[in-house]
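> Here is the input, now give the coordinates:
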Amino acid sequence: MKVTSHRFLSAAIASAVFISPALGQNPPPVTEPGETQVVEEAQDPEARYAQAKTEYDALITAFQADVETYIQTHSELMRRGKKDEADAYRRANRPTEKYVDAFLKGAKEYDGSKGAALFLSWFVSSTQSSTPLGKQALEILFEDHVESPEMACVVTPSGARRMRTSFGRDGMRERLAILVEGSPFENDIRAPARFILAQGSLKDPAISEEDKVAAIAELRLIAKEQAGKALALQATSEVFEIERLQIGMEAPELVGKDLDGRSIRLSDFRGQVVLVEFWADEVTACRASYTHMKSLHKNLGKTGRYAYFGINCDSNINMARRAVNDNSLPWRNLWNGEAGLRSGAAQEWNVKILPTNYIIDANGIIRNVTMRGLALERAIEDKLIEIGALPPREKSTQEKK
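Below is the predicted model:
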């Protein structure tokens with residue numbers, strides 16, 4: 001059986017000297033642009049794939065162990081307050097950079113056979129995806145490995161972002177369509193590709209009403225076909241966000257137990273301007289906002305018409321309680337559960353990043369989504385002014401003219 005060895009893979013490995021000088025010692029032969037070289041595949045391709053899989057699995061196991069050690073060491077240094085030492089450790093010990101050589105070697109050794117997809121997928125799944133090598137790996141995967149199970153690496157949220165960065169929005173959608181048509185793996189590849197396509201359509205500000213209806217119908221179909229799987233929940237959450245969480249809509253009810261075990265519901269705050277915020281102490285951006293949020297609570301809380309409704313997404317309730325106590329956070333918080341963003345209100349409201357917030361007016365209507373800093377403060381003040389809880393702002397000199 002004849003297979004094609006790609007010049008751009010050879011070029012990727014040869015040009016990797018800036019990362020891995022050792023690979024430059026025996027560069028592969030270079031052909032002219034557009035030219036290919038024919039090589040003989042092993043007589044038993046399944047045995048060759050099994051060999052590649054064994055090597056890849058060993059490499060991944062070692063890589064993941066190094067990542068775990070890296071995370072634990074860095075976290076311990078930060079916990080002990082040694083930020084400078086932690087930063088130095090992070091810069092000098094990034095696991096991904098240490099393993100570039102080995103994964104490139106595997107991609108080169110199995111180039112032209114299905115085993116190459118194993119090693120190429122690592123470049124898409126790791127931080128190397130943003131480098132030229134990551135883009136070249138994507139190109140080879142779509143050129144030679146559309147029917148490989150390893151293509152699952154591109155139908156994740158991060159994989160989709162990397163495709164969009166490499167090929168643009170239209171290029172990403174073209175490649176996802178190729179997977180929908182050509183992959184034999186419905187649950188792991190075709191369905192996630194359809195989901196990303198529908199999700200992307202709904203985020204297009206220029207989408208027509210007809211295409212919007214079609215995209216929502218596709219998400220509903222995916223949710224039905226994938227019932228009981230994580231993708232069904234994602235599709236359902238996307239539809240919920242489109243149909244229930246847009247500015248001008250009445251905010252859905254939130255019900256649960258607060259960190260003290262008492263019942264809490266959003267509707268209990270009707271008549272007040274409410275900042276609904278999903279947060280977690282383990283997220284740096286959330287911790288950085290505590291001072292500002294406490295200031296808002298103190299200053300605007302005096303009106304008697306402002307409330308903060310927190311949904312804590314830490315995976316451990318004791319961690320959440322400790323964060324509230326250690327930082328003297330004075331508001332009530334609903335705990336979202338051990339699964340973090342993958343369950344409860346966070347899952348239903350389609351929360352993808354923390355913090356995420358919604359400003360709900362006194363009538364229970366969503367007025368603003370995910371604001372920060374002074375813009376957030378002024379938006380809340382505006383809603384309080386509307387209901388007479390704060391006096392109107394004085395006009396600026398320019399406005400008075």
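
> where exactly do the helices run in the stretch 101-250 of the chain?
Using DSSP state H, counting those that start in this stretch, the helices of the stretch 101-250 of the chain run over 116-125, 132-144, 157-182, 191-202, 209-225, 230-244.

> now for those helices, which one comes closest to residue 334?
With Cβ to Cβ as the criterion, residue 334 lies closest to helix 230-244 of those, at 17.6 Å. No exception for glycine: its C-beta is placed from N, CA and C like everyone else's.

> quick check: angle from that closest one to helix 209-225?
Angle of helix 230-244 versus helix 209-225, following axes from the mean of the first three to the mean of the last three Cα atoms, to 10 degrees, is 140 degrees.

> what does helix 230-244 contact?
Under the criterion Cβ atoms under 8 Å, 6 or more residues apart in numbering, residues 187, 191-192, 195, 198-199, 202, 212, 216, 219-220, 222-226, 252, 342, 347-350 lie in contact with helix 230-244.

> repeat that for 7 Å
By Cβ atoms under 7 Å, 6 or more residues apart in numbering, the residues outside helix 230-244 that reach it are 191-192, 195, 199, 202, 216, 219-220, 222-223, 226, 252, 347-348, 350.

> so which of the helices of the stretch 101-250 of the chain is the most packed in?
Of all those, helix 116-125 carries the top mean neighbour count, a mean of 25, counting by mean count of other Cβ atoms under 10 Å.

> pLDDT of that helix, averaged?
For helix 116-125, mean pLDDT rounds to 95.

> related to what we said a few turns ago, same list, the helices of the stretch 101-250 of the chain, but as a markdown table with distance to residue 80 please.
What follows is the helices of the stretch 101-250 of the chain, written out as a markdown table (distance: least, Cβ to Cβ, whole Å):
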| stretch | distance to residue 80 |
| --- | --- |
| helix 116-125 | 31 |
| helix 132-144 | 34 |
| helix 157-182 | 31 |
| helix 191-202 | 41 |
| helix 209-225 | 46 |
| helix 230-244 | 36 |
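
> Report how far apart the opening and closing residues of stretch 215-233 are.
16 Å (Cα to Cα, to the nearest Å).

> Report the rounded mean pLDDT for it.
The predicted model gives stretch 215-233 an average pLDDT of 97.

> tally of neighbours for residue 71?
As a burial measure, residue 71 scores 11 neighbours (other Cβ atoms under 10 Å).

> Now do the phi/psi pair for it.
Backbone dihedrals for residue 71, given as degrees, to the nearest 10, come out at phi -60, psi -50.

> What of residue 49?
Per-residue torsions, residue 49: phi -70, psi -40 (degrees, to the nearest 10).

> again, but for residue 312
phi -80, psi 130.

> list the contacts for it?
By Cβ under 7 Å, 6+ apart, the contact list for residue 312 reads 259, 279, 280, 320, 333, 335, 336.

> wouldn't the first one be in contact with residue 322 here?
In this case it means residue 259. No: applying Cβ atoms under 7 Å, one finds residue 259 not in contact with residue 322, separated by 10.1 Å.

> Find residues that contact each of those two.
Joint contacts of residue 259 and residue 322 (Cβ under 7 Å, 6+ apart) do not exist.

> Nearest to residue 106 among the helices of the stretch 101-250 of the chain would be which one?
Checking the helices of the stretch 101-250 of the chain against residue 106 by Cβ to Cβ gives helix 116-125 as the closest, at 3.7 Å.

> how's this structure carved up into domains?
Split into domains by automatic domain parsing, the chain comes to 2-242, 255-386.

> do you know which of these lies nearest residue 248?
Shortest separation from residue 248 across those is recorded for domain 255-386, at 6.6 Å, computed as Cβ to Cβ.

> now residue 245: how far from residue 261?
For residue 245, the distance to residue 261 equals 28 Å [Cβ to Cβ, to the nearest Å].
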